[in-house]
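Enquirer: sequence-free structure coming up:
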Ligand SMILES: Nc1nc2c(ncn2[C@@H]2O[C@H](COP(=O)(O)OP(=O)(O)OP(=O)(O)O)[C@@H](O)[C@H]2O)c(=O)[nH]1
Ligand SMILES: [Mg+2]
Ligand SMILES: [Zn+2]
């Protein structure tokens, strides 16, 4: 079998990086469910796991392969199995705080060009959540595009678009509706040959439905909506799928929570309007809470800036500061443990 890896988004950048590993084969991670990976190589698809050495040397959850990663593998003795030895340097990645105690960041999708941030135009519509997604998206190095799904369920689309535009300055917005035969085609513009796009958003907004439309068949399972109007977490694994036009899409399970890490840059971009107004504050370190000569508070007073927007800006900033603290704490703690373990091990050998 000879698979054309360019159909799976292989570019010159990763071909060049792979040259360094002469004995290993280049692959892309196409699905992940817990620690079980599927990868695609020139020789076809394989199940894969990371090597023992890889596991030992990995410091963080984000060091492990994720869907979309280009990896270097060894094809195992057993047919159909491969061992991942190395993750090639990522071009971009969308991360979120992992569920559970560790609060480590988890890579949702790697090496993506476009991030489709999906939000339904029914009761899923929530601008504050969108702002959170956006601030992480800006840190991912991928370009965010907002998809407002289920246009058929909304009576005031124009108003919703205006609200979205105000919360997401300069970001493209697309409205879709599965009952219109062509509305999904607007997405193809962002997933051209060699490009990869990931679909992110709450459960039930219609991510898998849109991808099925792009593929042209009912490939992915899609879910019925519960009585409460919410989705049911139909998709359980992340999966990369090549499209006929030469691009790739990644489906992801609906997200329950989205953590914030120390991505102050992303916040600046999401709230570029507030950052700009604040350049007129009298004090450089103005916190926009009660200072004299604060241009941000003045903007709220005279109505050019909404109070809610300032509130979500404050809230995000707060969480980010907290996250930055706990992250460096965890990193240090983990590093210490690793050092002790390595030290003990080398002592044992002697
Ligand atoms: N009315 C309406 N329903 C839609 C539209 N798009 C998708 N749906 C329905 O929404 C339900 C959920 O769609 P899915 O594609 O499974 O949603 P998902 O985002 O993949 O959900 P998870 O896999 O749980 O994250 C299905 O019953 C779809 O038929 C739309 O444009 N309008
Ligand atoms: Mg789905
Ligand atoms: Zn101020």
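Expert: That came through, no problem. What you are looking at is a predicted structure, and each value in this text was computed from that prediction instead of being measured. Ligands and ions are numbered 1, 2, ... in the order given.
Enquirer: contacts only, for the residue of the stretch 251-350 of the chain found nearest ligand 2.
Expert: Nearest to ligand 2, among the residues of the stretch 251-350 of the chain, is residue 251, at 5.9 Å (CB to the ion). (Glycine included, C-beta is placed from N, CA and C.) Shown in contact with residue 251 (CB atoms under 8 Å, 6 or more residues apart in numbering): 199, 207, 208, 211, 220, 235, 238, 239, 241.
Enquirer: doesn't residue 253 make contact with residue 204?
Expert: No. Using CB atoms under 8 Å, residue 204 is not in contact with residue 253; the gap is 11.0 Å.
Enquirer: who has more neighbours out of these two?
Expert: residue 204 (25 against 18; other CB atoms under 10 Å).
Enquirer: assign the more buried one to helix, strand or coil.
Expert: Three-state assignment for residue 204 (DSSP: H, G, I helix; E, B strand; the rest coil): coil.
Enquirer: please determine how far it is located from ligand 1.
Expert: Noted for residue 204: a distance of 5 Å to ligand 1, by CB to the nearest ligand atom, to the nearest Å.
Enquirer: also residue 245?
Expert: From residue 245 to ligand 1 the distance is 21 Å (CB to the nearest ligand atom).
Enquirer: that residue: neighbouring residues, count only.
Expert: 11.
Enquirer: could you list the domains of this structure?
Expert: 5-87, 93-251, 264-346 (automatic domain parsing).
Enquirer: those into CSV, with extra columns for mean pLDDT?
Expert: What follows is the domains of the chain, written out as CSV (pLDDT from 0 to 100):
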stretch, mean pLDDT
domain 5-87, 91
domain 93-251, 88
domain 264-346, 73
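Enquirer: which one of the ones you listed lies nearest to ligand 3?
Expert: Of all the domains of the chain, domain 264-346 comes closest under CB to the ion, at 3.3 Å.
Enquirer: how near is residue 15 to ligand 2?
Expert: 32 Å (CB to the ion, to the nearest Å).
Enquirer: actually residue 197, sorry about that
Expert: 15 Å.
Enquirer: can you check residue 150 too?
Expert: Distance from residue 150 to ligand 2, by CB to the ion: 14 Å.
Enquirer: beta partners of the nearest residue to that residue once chain neighbours are set aside?
Expert: Among residues not flanking residue 150 along the chain, residue 120 sits closest, at 4.5 Å (CB to CB, 6 or more residues apart in numbering). Taking DSSP bridges, one obtains residue 149 as the residues bridged to residue 120.
Enquirer: same thing with residue 87?
Expert: According to DSSP bridges, beta-bridge pairing links residue 87 with residue 71.
Enquirer: as TSV, the contacts of residue 251 with neighbour count, secondary structure and distance to ligand 2 would be great.
Expert: Shown next, in TSV, are the contacts of residue 251 (neighbours: other CB atoms under 10 Å; DSSP: H, G, I helix; E, B strand; the rest coil; distance: CB to the ion, whole Å):
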residue	neighbour count	secondary structure	distance to ligand 2
199	25	strand	8
207	29	helix	5
208	23	helix	3
211	24	helix	8
220	18	coil	6
235	20	coil	3
238	22	strand	10
239	22	strand	10
241	18	strand	12
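Enquirer: ok, so of these, who is nearest residue 173?
Expert: residue 199 (15.4 Å; CB to CB).
Enquirer: isn't that closest one up against residue 116?
Expert: Yes. Using CB under 8 Å, residue 199 and residue 116 qualify as a contacting pair, with a distance of 4.8 Å.
Enquirer: give me the common contacts of those two.
Expert: In contact with both residue 199 and residue 116: 147, 207, using CB under 8 Å, 6+ apart.
Enquirer: and the contacts of residue 251 near ligand 1, which?
Expert: Applying CB under 6 Å from any ligand atom to the contacts of residue 251, one finds that 207, 208, 235 fall near ligand 1.
Enquirer: wait, the last one sits on residue 208?
Expert: Yes. Because the distance of 5.5 Å satisfies CB under 8 Å, residue 235 is recorded as touching residue 208.
Enquirer: what sits against residue 242?
Expert: Residues near residue 242 by CB under 8 Å, 6+ apart: 7, 8, 9, 248.
Enquirer: may I have the secondary structure class of the residue of the stretch 1-150 of the chain found nearest ligand 2?
Expert: With CB to the ion, the shortest gap between the stretch 1-150 of the chain and ligand 2 falls at residue 118, namely 9.9 Å. Secondary structure state of residue 118, per three-state DSSP, is strand.
Enquirer: ranges for the helices of the stretch 101-250 of the chain?
Expert: Here the stretch 101-250 of the chain has its helices, by DSSP state H, counting those that start in this stretch, at 127-139, 157-167, 207-215.
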